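> quick one, what's the 3D model for this:
(chains A and B, ligands or ions: 2)
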Amino acid sequence: MLHRSKGKALREALIEWLIRICGISAVIFVFAIFFFVFWEGKGLIFNNKVNINTASIEAITKVEGIDESLASKIVSTRSEIKLEKRLTTEWLLKEDLLDEDTFVLIEPFIKAKEFSFWKFLTTQEWYPASESNPRYGVFALIAGTFSVTLLSMLISVPFGLGSALFISEFCSPKLKETLKIIIELLAAIPSVVWGFIGLTIMNQLIMSIFGAQIGINVLNGAIILALMSVPIIVSIGEDALQAVPDSYREAAIGLGVTRWQMVYKVLIPAAKNGLLAAVLLGIGRAIGETMAVLMATGHAVNNPFDGDFPFLHALESVKTLTATIAAELGETARGSDHYQVLFIVGILLFSITFLVNLTADLVVKGIKNK
Amino acid sequence: MSAENPYAITTKNLDLWYGEFQALEKVSLNIKDGIITGLIGPSGCGKTTFLRCLNRVNERYGNVRTEGTINLLGKNIYDPDVSLIELRKSVGMVFQRPNPLPISVYDNIVFGLRVHSPRSELKRSILDDAVEQSLREVMLWDDLKDNLKEKATDLQLEQQQKLCIARLLPLKPEIILMDEPCSALDVGATTAVEELMLTLAGKYTIVIVTHNMAQARRISHECIFMLLGEIVEHDRTEKIFLNPTNQKTSDYIEGRYG
Ligand SMILES: Nc1ncnc2c1ncn2[C@@H]1O[C@H](COP(=O)(O)OP(=O)(O)OP(=O)(O)O)[C@@H](O)[C@H]1O
Ligand SMILES: [Mg+2]
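Numbering: from 1, shown residues only, chains lettered A, B, ... in the order given. Ligands and ions are numbered 1, 2, ... in the order given. As a prediction, this is how the structure comes out:
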């Protein structure tokens, strides 16, 4: 009786391992993705290509296929042509220094200019496809992402937290169930559909209400994003409010608070961690969203912020980091500079969301410890 | 008030339904001013329900319907012009489990003042005085005077429950309702809270629900015995315990059911 059949024991062990693998896989996937994105983008940051515009003859000869005489010819020709014509490596072809075949062969080992991460972050010129002078400045793209996210949060946080409060505290149980179902339906709408709504309905509305020339702009994207993040904020915020012990409510009611005093003196302080988590997850959703903003923001590289009131010009079109990757990655040759830059943009996005989450964690922990 | 009207609470034909279920039936009572009245009866007989009528917190649940009158502080609290906020200010409530808010001891005590007083009356010195006075009244001042910033939910249960009583006092309530205030406390804490109640009697009218016969006997001046939503007997405590009029009362007190 005390004996267990081998088959059963084996099955249990197998199941146990399966569960373990499922658990670990999340960690593995995260690292694998991070590694992949970094690997694809690393070429630009750490490349050891020879800079054809600054390298010495000696350095140039190190490139396979270029001999000493060719190298010295390159260096002497180089000093005669203007810098503007040497923005890409194409001038080697144009000056008949190389033939097409050798050029294709050695192209992966040479570059025309340094990639400066600082310049990448701080300049606004995003001309990745330019033949003569590609420039990769993502500042406007960051501004695009930031503007849409900011405006969408301005809309969705008050609405989301307000509805969470209403659903959790103020409405009848019957209405509560209905509203929760509707909110869930809202969350289930795919983002292309949202993008489609932005492109058609919102576009028309914004043009007729604000008299804007184009209706696909920051405001459009922000409204669409707000509609997408409200369900997250509502459901997580509502959970946070539900988690406030009823005894707190009874204590406050017993002391004669009004409904509004209950909200801001008891519920919000007691649920602040959860409410903050709700807001930050909403932000995360907004920053990471791609399809809808791609369709709704107009897709024009543009920094909508400036020093003039109201500082954020919501009726201008922008392009976001996510939309840039989505739209451009398919058109680039694998391994090209443009391709690699897009991966660096990916790393940037990664870092931003990581930072948001980290701050969320730290803030929540800080509140807990207090 | 006590000169012309010896009763703090007078109910007449109070009926209460939770949906279809009638939890109180024709409850008519006169509860005397300035004494401790115990409310006893088996589980589910409606003690909590009755107590929660007296400050109308019952109405939190959507399915509650009430008929009859409760006269309290010279007014029928079911009159349409009664302000629930003012009512609850004068009728404080202590719950079964100590439920201080998750804020500091100090903030818990001044919570009521902050809610009810205009901003101009919320001077630091007034609040400080209120805190000291309330804590002294519940005999917590010496224990907590150096820890006023401590989170109230981190205190011992006994201190929490006393704090829950203390936070009612700055609002100068006339009546304090207590729903099994000692059921979550150990013996020592129970004794301490009971002593506190005895010191508060006279100054406040206290209505206390208890499952503990011995406690009812120790601390109440009058006792009400309830059964299935109805009042069976209401008399001086000694009378109820030593010489009850109703057979059901004596059966309950002798532990034949409950
Ligand atoms: N919110 C409610 N909805 C429906 N029925 C309720 C509700 N609260 C109480 N009841 C019912 O009303 C009756 C009286 O309940 P109440 O809580 O007043 O009893 P009690 O005397 O306080 O009992 P206990 O000694 O267990 O605390 C019970 O039958 C209970 O099931
Ligand atoms: Mg009860």
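> could you list every residue that touches the closest residue to ligand 1 within the stretch 251-370 of chain A?
Distances between the stretch 251-370 of chain A and ligand 1 by Cβ to the nearest ligand atom are smallest at A:I253, namely 14.4 Å. C-betas here are computed from N, CA, C, even on glycine. A:I253 makes contacts with A:262, B:57, B:60, B:88, as judged by Cβ atoms under 8 Å, 6 or more residues apart in numbering or on different chains.
> next structured bit after the helix or strand where it lies?
Assigned by DSSP states H and E, A:I253 belongs to helix A:246-254. Next helix or strand after helix A:246-254 toward the C-terminus (DSSP H and E): helix A:259-261.
> what is the mean pLDDT for that following helix?
Per-residue pLDDT over helix A:259-261 has a mean of 90.
> the next helix or strand after that helix packs against which elements?
With elements assigned by DSSP H and E, the helix or strand that comes after helix A:259-261 is helix A:268-288. Under the contact definition 3 or more Cβ pairs under 8 Å, 6 or more residues apart in numbering or on different chains; DSSP states H and E, helix A:268-288 sits against helix A:139-165, helix A:218-242, helix A:337-369.
> run through the residues of chain A sitting next to chain B.
A:172-173, A:245, A:247-258, A:261, A:265-266, A:269-270 (Cβ under 8 Å from any Cβ of the partner chain).
> write out the residues of the stretch 101-250 of chain B neighbouring ligand 1.
B:H211 (Cβ under 6 Å from any ligand atom).
> nearest to chain A: which residue in the stretch 101-250 of chain B?
B:G112 (4.7 Å; Cβ to the nearest Cβ).
> report how many residues lie close to that residue.
26 (other Cβ atoms under 10 Å in any protein chain shown).
> show the pLDDT at it.
For B:G112, the predicted pLDDT is 92.
> residues contacting it?
For B:G112, the contact set (Cβ under 8 Å, 6+ apart) comprises A:255-256, B:89, B:167-168, B:170-171.
> strands along the stretch 1-150 of chain B, start to end?
Taking DSSP state E, counting those that start in this stretch, the strands of the stretch 1-150 of chain B run over residues B:7-18, B:21-32, B:36-40, B:64-72, B:75-76, B:91-94.
> CSV for those, including mean neighbour count and mean pLDDT?
CSV is the format used below for those (neighbours: other Cβ atoms under 10 Å in any protein chain shown; pLDDT from 0 to 100):
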stretch, mean neighbour count, mean pLDDT
strand B:7-18, 18, 92
strand B:21-32, 17, 93
strand B:36-40, 27, 94
strand B:64-72, 17, 92
strand B:75-76, 15, 90
strand B:91-94, 26, 94
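> nearest to A:V318, out of these?
strand B:64-72 (54.3 Å; Cβ to Cβ).
> which of the three states applies to whichever residue of the stretch 151-258 of chain B sits closest to ligand 1?
Nearest residue of the stretch 151-258 of chain B to ligand 1: B:H211, at 5.9 Å (Cβ to the nearest ligand atom). Assigned by DSSP: H, G, I helix; E, B strand; the rest coil, the conformation of B:H211 is coil.
> thinking again about what came up before, quick one, which of the strands of the stretch 1-150 of chain B is nearest to A:V279?
So among those, strand B:91-94 is nearest, using Cβ to Cβ, at 34.3 Å.
> name the helices or strands packed onto that closest one?
Against strand B:91-94 (3+ Cβ pairs under 8 Å, 6+ apart) you get helix A:246-254, helix B:47-54, helix B:157-166, strand B:175-179.
> rerun that using 7 Å as the cut-off
Under the contact definition 3 or more Cβ pairs under 7 Å, 6 or more residues apart in numbering or on different chains; DSSP states H and E, strand B:91-94 sits against strand B:175-179.
> could you say what helices and strands the strand it packs on packs with?
Using 3+ Cβ pairs under 7 Å, 6+ apart: strand B:175-179 touches helix B:47-54, strand B:91-94, strand B:205-209.
> next one: the shortest one to chain centre, how far?
It stands for strand B:91-94. 5 Å (Cα atoms, centre = their mean, to the nearest Å).
> now swap in the first one and tell me
Helix B:47-54 has its average C-alpha position 9 Å from the chain's average C-alpha position, going by Cα atoms, centre = their mean.
> which helices and strands does it pack with?
Secondary elements touching helix B:47-54 (3+ Cβ pairs under 7 Å, 6+ apart): strand B:7-18, strand B:21-32, strand B:36-40, strand B:64-72, strand B:175-179, strand B:205-209.
> near chain A, which residues of chain B are found?
Within chain B, the positions adjacent to chain A are B:55, B:57, B:60, B:62, B:85, B:88-89, B:92-93, B:95, B:97, B:99, B:101-102, B:111-112, B:115-116 by Cβ under 7 Å from any Cβ of the partner chain.
> all helices of the stretch 51-200 of chain A, in order?
Ranges of helices within the stretch 51-200 of chain A are A:57-61, A:68-80, A:91-94, A:100-106, A:117-122, A:139-165, A:173-188, A:191-197, based on DSSP state H, counting those that start in this stretch.
> could you dump the ones you listed to a markdown table with mean neighbour count and distance to A:C22?
Listed next are the helices of the stretch 51-200 of chain A as a markdown table, based on neighbours: other Cβ atoms under 10 Å in any protein chain shown; distance: least, Cβ to Cβ, whole Å:
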| stretch | mean neighbour count | distance to A:C22 |
| --- | --- | --- |
| helix A:57-61 | 16 | 51 |
| helix A:68-80 | 14 | 57 |
| helix A:91-94 | 17 | 53 |
| helix A:100-106 | 13 | 46 |
| helix A:117-122 | 13 | 38 |
| helix A:139-165 | 22 | 32 |
| helix A:173-188 | 13 | 25 |
| helix A:191-197 | 18 | 27 |
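> quick one: which of those is nearest B:L29?
That would be helix A:173-188 among the helices of the stretch 51-200 of chain A, by Cβ to Cβ, at 32.4 Å.
> does ligand 1 sit close to that closest one?
No. Counting by Cβ under 6 Å from any ligand atom, ligand 1 is not contacted by helix A:173-188; separation bottoms out at 12.4 Å.
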